[in-house]
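J.: Sequence and predicted structure below; questions after.
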Amino acid sequence: MDCKCSNFHEIIIFALMIIQKEIRLSHHSYGVHLITEEITRQLSRFPKDGILHLFIKHTSAGLTINENADPSVRHDFEQFFDYLVPEAWSGYTHTMEGSDDMPAHIKSSLFGSSVSVPITDGQLNLGTWQGIYLGEFRKRGSQRQVVATIYS
Amino acid sequence: MDCKCSNFHEIIIFALMIIQKEIRLSHHSYGVHLITEEITRQLSRFPKDGILHLFIKHTSAGLTINENADPSVRHDFEQFFDYLVPEAWSGYTHTMEGSDDMPAHIKSSLFGSSVSVPITDGQLNLGTWQGIYLGEFRKRGSQRQVVATIYS
Amino acid sequence: MDCKCSNFHEIIIFALMIIQKEIRLSHHSYGVHLITEEITRQLSRFPKDGILHLFIKHTSAGLTINENADPSVRHDFEQFFDYLVPEAWSGYTHTMEGSDDMPAHIKSSLFGSSVSVPITDGQLNLGTWQGIYLGEFRKRGSQRQVVATIYS
């Protein structure tokens, strides 16, 4: 029996690919930062359709999606998270690594360690006002490592 | 050398597909709403196995998975989130868009902008008591836009 | 026209696979537990590159990624979440299933129902200090069901 090349072709256009890249973010100070461009600059091009999955390899920093326009939103995020998860809470027992460490772990889980964003027509399909936030929850920040995985 | 068609066939049955659809939700009032059926109604059929990824394109609304049976759970979610992220908190500086705006941004990140649910045997593999929640955190709600991406 | 076998081969190595397995966790007491090994032990092997997606089929337990070394972090998570979402809050109306039930629903959404972790070179690409946490938010715990989906 002959090989039905045209059939194969039809199927193969649906075959998916995974592209993975580990990104080292620049140094960010304590607080909440918009990193959409820092991320996309390092990902040369997006496929037609798919998902971008970002995963931060740390437990005292987190990722979320929020407002991309007014810096006062990031300012208020930082302040409100300090109010919500106070350093001065008397119940912490994990205090050896500094008074900002245990609050940083908790904030990290409130944000989450990953975000995933649809890719549509070769671009991140974010809403008009959406951007990718890094929450840097340690006072002496470091350069955070993010794994980007693209499904297409 | 000949083309080994049977081998190709064996591999191709694993080839994946991405289906993407943008859904406009109906208008929902301030609070927490069960939208499982509103979402699945718009997705004609599910593949055998995969993941459904839902992404909301807004920063003052969010998605989460929670209890699908008793409306009092959604009622208490709304009330508790108003207590947890109070409009009256004195620290907000981003107040130009109304007193519910900055709390809505924070609640949106506490919920998250996406949920992903396994698809098994052609159906959402939710637990018995699980449903998909929309958190509408603005008092004058709007019709929210959700991108559904299915991997199969 | 002939079938271009070599071309097909080149494409097919990118074809993806979905592997799905439902895992019943062992019984965990109220609190926050490291379950990385309990999960990976049940997943015989990982593909070269991909994502592991874990979804918990319950609304009073959650999954998150956090510190894997010092048990005091898990202890403080439990204590802080009890402070953040107090059982004694007077506003709950959903109280029929016990005073820990509505707080459990809220904590479950603060953690989230799923985590997704990149797989790189055949291993979970977690940071040095990262592990997978189960939040068991009910006082009479049960054996929780998790759906593991691997994209490769």
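T.: Received, thanks.

J.: and A:Ser44, what pLDDT?
T.: pLDDT for A:Ser44: 79.

J.: contacting residues for it?
T.: For A:Ser44, the contact set (Cβ atoms under 8 Å, 6 or more residues apart in numbering or on different chains) is empty. Heads up, the C-betas are built off the backbone N, CA and C, glycines and all.

J.: go on, A:Asp82?
T.: A:Pro103 are the contacts of A:Asp82 under Cβ under 8 Å, 6+ apart.

J.: which SS class is it?
T.: Secondary structure, DSSP: H, G, I helix; E, B strand; the rest coil: A:Asp82 is helix.

J.: my guess is A:Glu78 is in a strand, correct?
T.: No: judged by three-state DSSP, A:Glu78 forms no part of a strand; its state is helix.

J.: wouldn't it be in contact with A:Ser29 here?
T.: No: the pair formed by A:Glu78 and A:Ser29 falls short of the contact definition of Cβ atoms under 8 Å, at 9.9 Å.

J.: which of those two has more neighbours?
T.: A:Glu78 (18 against 11; other Cβ atoms under 10 Å in any protein chain shown).

J.: and the residue nearest to that one when sequence neighbours are not counted, how far is that from A:Phe81?
T.: In space, and not counting its chain neighbours, A:Glu78 is closest to A:Gly31: 4.2 Å by Cβ to Cβ, 6 or more residues apart in numbering or on different chains. For A:Gly31, the distance to A:Phe81 equals 9 Å [Cβ to Cβ, to the nearest Å].

J.: Which residues are in contact with each of those two?
T.: A:Gly135.

J.: between the two, who's got more neighbours?
T.: A:Phe81 (23 against 19).

J.: Let me know the helix or strand that the spatially closest residue to that one that is not a sequence neighbour is in.
T.: Of all residues not flanking A:Phe81 in the chain, A:Lys107 sits nearest, at 5.3 Å (Cβ to Cβ, 6+ apart). Secondary structure from DSSP states H and E places A:Lys107 in helix A:101-111.

J.: Okay, angle between that helix and helix C:101-111 too, please.
T.: Per axes from the mean of the first three to the mean of the last three Cα atoms, to 10 degrees, the angle that helix A:101-111 makes with helix C:101-111 is 90 degrees.

J.: What are the contacting residues of helix A:101-111?
T.: Residues contacting helix A:101-111 (Cβ under 8 Å, 6+ apart): A:58-64, A:81-82, A:84-87, A:89, A:92, A:94-95, A:133, A:135, A:137-138, B:109-110, C:64-67, C:73, C:76-77, C:80, C:110-111, C:133.

J.: of those, buried ones?
T.: By neighbour count, with 16 or more other Cβ atoms under 10 Å in any protein chain shown, the contacts of helix A:101-111 hold A:58-64, A:81-82, A:84-85, A:89, A:92, A:94, A:133, A:135, A:137-138, B:109-110, C:64-67, C:73, C:76-77, C:80, C:110-111, C:133 as buried.

J.: hang on, the earlier thing: could I get the pLDDT score of the residue nearest to A:Glu78?
T.: On the pLDDT scale, A:Gly31 is placed at 98.

J.: hang on, it packs against A:Arg138?
T.: No: counting by Cβ under 8 Å, A:Gly31 does not reach A:Arg138; the two are 10.6 Å apart.

J.: Poorly predicted segments of chain A, please.
T.: The model of chain A has pLDDT under 70 over residues A:1-16.

J.: what's the one residue in it that gets nearest to chain C sitting at in phi/psi?
T.: Proximity of chain A to chain C (Cβ to the nearest Cβ) peaks at A:Lys57, 3.2 Å away. When read as degrees, to the nearest 10, the backbone of A:Lys57 gives phi -90, psi 40.

J.: cool, and A:Leu63?
T.: According to degrees, to the nearest 10, A:Leu63 has phi -120, psi 140.

J.: what helix or strand does the residue nearest to it when sequence neighbours are not counted sit in?
T.: Excluding the flanking residues, the one nearest A:Leu63 by Cβ to Cβ, 6+ apart is A:Val115, at 4.8 Å. Following DSSP H and E, the helix or strand that holds A:Val115 is strand A:114-120.
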